[in-house]
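Peer 1: Generate a structure from the sequence data that follows.
(chains A and B)
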Amino acid sequence: MSTDAPAVNPVVNHFIRTIIDNDLASGKHAAIQTRFPPEPNGYLHVGHAKAICLNFGLAQDYQGKCNLRMDDTNPEKEEDEYVNAIREDVSWLGFNWAGEVRYASDYFQQLYDFAEELIQKGLAFVCELNAEEMRAHRGDFVTPGKNSPYRERSIEENLDLFRRMKAGEFPDGSKTLRLKIDMASPNLNLRDPVIYRIRRAHHHRTGDAWCIYPMYDYTHCISDALEGITHSLCTLEFEAHRPLYDWVLDNISIGCHPQQIEFSRLELLSSITSKRKLNQLVTDGLVTGWDDPRMPTISGMRRRGYSPEGIRLFAQRCGISKSENIIEFSVLEGAVREELEASSPRVMAVLNPIKVTLTNFEPGVTGSRSAPFHPHHPEFGEREVPLAREIWIERDDFAEEPPKGWQRLFPGGEVRLRYSYVIKCDEVIKDAAGNVVELKCSLDPDTLGQNPVGRKVKGVIHWVSAEHAVEAEVRLYDRLFTEDRPDAIRGEDGQYLDFKQFINPASLTVVTGYIEPVVKDLPSEARYQFERLGYFVTDRVDHVAGEKIVFNRTVTLKDSWAKESK
RNA sequence: AGGGGAGUCGCCAAGUUGGUUAAGGCAUCGGAUUUUGAUUCCGACAUGCGAAGGUUCGAAUCCUUCUUCCCCUGCCA
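Peer 2: Next comes the predicted model:
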C-alpha cells in the first residue's frame, strides 16, 4: 500500500453530469462555469458542503471554473463575520474559487440599470400596495390573484417613481418595484413578483449607498449571467422559481442565459440542516457556538476532527439526484472513519482509568519495545512507549465476572498489553464501598514481542504508564440529537414539538485522560487514533501545545463487541 | 384553476432510444487473518423496480388508471 498516490475517487455519474456531457458534446459550451452562492447570514453546514463539493467538484472534473459568490441582497441579515467564515470553510474543504470572491452587491448598479430597462419595456411597475394588501391580491393555490391598482401606470411615471425610490424620497416599505407577468399564473412566483424593496439598512459592503435592494429571484439569475455561469445548480425548492429566472433573462439585454438545474438538498438524520435552527442553538446557548464540535456546520465538523477528505467522501456517497436525499448519520461517520483510518497515527490513551500494579516489574530489567504509529504504514515511524510499575488500563477492560465471549482481563485471567507483555490478574483490591480500585498483576517476562508458549492469549488491551502519562482534557462527543428527525416530532396536539428538547444530554462528556507522553507538544488540529477507542483531534481553539492538552473525540472505532454484548 | 417535483434492497444510487442472471456504495449478517473485538480479505444480501391493468417474443424502461411523499401563497434566500 502506498500513501503518496493521491486517492482518486471514481467519478460517480449523475444527471447533472449527463447534461454537462451533452452541452460539451453539442458545442453549446466550450467549458463549464459553476458557482457556489451562499447568503452570508450564517455559517455553512453539511448541506452546503454537498453543494460546494458538487459545484467545485464539477468545475475540477471538467477543467472549468467555479466562483464563490456572496448572495448579499438582504442587508438586515448579512455580516462580514459570515463572509469570512464562508471563505475559510470553502478553502479548508480544499477548493479554490476562480478569481476574487464575488458579491451580488457588486452588481447593484447593473441590476438597477436592468430594472430601468424593464420599466422602459413596460414590464415592471412601481406598486404602492403594502405587504398585507399585496398578500390579499396574490390569491392562493386555487384562486387567481388580482391585478394591483398601480399596475397600469405609464412608463414615465414608473421611471420617475423608481428613480425617486432610489433617491430616498419614500419611506421604507411604502413602494416596491414589481414585474408585470401574470397574476393568474398557477405558479405563484409569477404573480407580479416584487424585485425591489425600500429598506434603509446598512449593508456590510455598500454601506448606506442604497436604500433600495433587489430581491433574490431578480438578482440571482442576473448575477449568474454577468459571471458567465453555464450551469446554475441549486436545490429543489427553487424549481418553481426557474420560470422566473428564465423570464428575467429573456427580457433584459444580457447576452448570457445560464441553465438552472435543481437537485435535492441533503437531510442528515439525527442532525439539523436549517441555518435558522442552528442559529437558535447558538443564540440560546445550547452549544458553545457555530463551531461547537457537535454542530453539523463545516467549522463544527472541522473542530470535531472530521477531515476535508472525509467530508468530501461523504458528499460523494450522498449522490446527486432529484429524489429525497435523507442520509443516515452513519454514512457521515463511516466516510470520516475511512479517511482517518488511513491517515491517522495511533497512540494509546486511557480515558476511564483503573490502576494496575505490575508486581514483578523490575526497573532497568523489565524491557519495553517501541511501537509503530500506524500498523500498516511503517513510514509513519515509531515511538518509545515507556512501561512502569504502575500503569492505567481502561475500566471497561476488566470484569470481575467475565461475560461469555470476554477477551479482556478478569481475576486469574491473562491479557496482552498492547506492544508490551502479557499480564495476569492476581489480585483485585477494593475500597470500603466495594469498588475495584486497583489490580495487582504479574507480567510474563517471556512475552515481550512474542507469544507465550503453551497457551494462547487472545485479548489485547491498551494502557499507559502512570508516571509517564500526560493528563489531558478529553471531550467525548456524541450525536447532538436523540431523534432521527428532531424537528419533525409531533406532540399529542399534532403540532411540531420544539426540536431543542431532543438534544442528546450525552452529546458531550468531559473526562480527564491519560495519554502517552508523545502527545505533549502536538499542535492544534492534530488527528490521532487512540487505539481501541476512536479518532481524536487536538482542539482547534482550546488546546495549547505543551501546556493544556485538549482532545476532542471525532468518532469512535467500530465496536463489534459492544454489539455482541448487548 | 392549483402548480411543480419524486417514488429501484434498511439508507443512498446507476440503469430510462424496451433486449441476456437489476451496477456500485453505506449498513447488516456469516467466515478468514489480526499484539486495536479496529483495519484488511472473502462470502451472503431486490424472481424485484410505489400499486393494478395493458401493449410486446420480451417492460424498471412504453400506455392507462390509481397511490404515497416533498416543495410553492416573504417587500427572505
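Peer 1: Give me the neighbour count for the residue of the stretch 51-200 of chain A found nearest RNA strand B.
Peer 2: Nearest residue of the stretch 51-200 of chain A to RNA strand B, counting by CB to the nearest atom of the strand: A:A184, 2.7 Å away. C-betas here are computed from N, CA, C, even on glycine. By other CB atoms under 10 Å, the residues close to A:A184 number 13.
Peer 1: Likewise for A:T482?
Peer 2: 15.
Peer 1: I'd like the distance between it and A:I198.
Peer 2: Per CB to CB, to the nearest Å, A:T482 is found 46 Å from A:I198.
Peer 1: Verify the contact between the residue of the stretch 51-200 of chain A closest to RNA strand B and A:N147 for me.
Peer 2: No: counting by CB atoms under 8 Å, A:A184 stays clear of A:N147, with 9.2 Å between them.
Peer 1: about what we covered before: so the residue of the stretch 51-200 of chain A closest to RNA strand B is in which element?
Peer 2: Take DSSP states H and E as the rule and A:A184 turns out to sit in neither a helix nor a strand.
Peer 1: Quick one: residues contacting it.
Peer 2: A:144-145, A:191 (CB atoms under 8 Å, 6 or more residues apart in numbering).
Peer 1: Dihedrals phi and psi, it?
Peer 2: phi -110, psi 0 (degrees, to the nearest 10).
Peer 1: Read off the pLDDT value for it.
Peer 2: For A:A184, the pLDDT comes out at 96.
Peer 1: Would you check how far apart it and A:V248 are?
Peer 2: From A:A184 to A:V248 the distance is 20 Å (CB to CB).
Peer 1: Likewise for A:Q529?
Peer 2: 53 Å.
Peer 1: Quick one, which of the contacts of A:A184 are buried?
Peer 2: A:145, A:191 (16 or more other CB atoms under 10 Å).
Peer 1: Reformat the contacts of A:A184 as a markdown table; add secondary structure, pLDDT and distance to RNA strand B.
Peer 2: Converted to a markdown table, the contacts of A:A184 look like this (DSSP: H, G, I helix; E, B strand; the rest coil; pLDDT from 0 to 100; distance: CB to the nearest atom of the strand, whole Å):
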| residue | secondary structure | pLDDT | distance to RNA strand B |
| --- | --- | --- | --- |
| A:P144 | coil | 96 | 4 |
| A:G145 | coil | 97 | 8 |
| A:R191 | coil | 98 | 8 |
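Peer 1: The residue lying farthest from the centre of chain A sits in which helix or strand?
Peer 2: In chain A, A:G454 marks the outermost C-alpha relative to the chain mean, sitting 52.2 Å out by CA atoms, centre = their mean. Using DSSP H and E, A:G454 falls within no helix or strand.
Peer 1: and it, what does it touch?
Peer 2: Applying CB under 8 Å, 6+ apart, no residues qualify as near A:G454.
Peer 1: Quick one, grab the pLDDT at it.
Peer 2: For A:G454, pLDDT reads 88.
Peer 1: next one: A:K563
Peer 2: 83.
Peer 1: Can you get me a residue count around it?
Peer 2: What A:K563 shows, counting by other CB under 10 Å, is a neighbour count of 8.
Peer 1: for the stretch 401-550 of chain A, what spans make up the strands?
Peer 2: Using DSSP state E, counting those that start in this stretch, the strands of the stretch 401-550 of chain A run over A:414-417, A:422-430, A:436-444, A:460-461, A:463-465, A:470-477, A:508-515, A:527-530, A:534-538, A:550-556.
Peer 1: which one of the ones you listed lies closest to A:L266?
Peer 2: strand A:550-556 (18.8 Å; CB to CB).
Peer 1: check whether that closest one contacts RNA strand B.
Peer 2: No: judged by CB under 7 Å from any atom of the strand, strand A:550-556 stays clear of RNA strand B, getting no closer than 9.3 Å.
Peer 1: Can you check what angle separates that strand from strand A:534-538?
Peer 2: Here strand A:550-556 runs at an angle of 150 degrees relative to strand A:534-538 (axes from the mean of the first three to the mean of the last three CA atoms, to 10 degrees).
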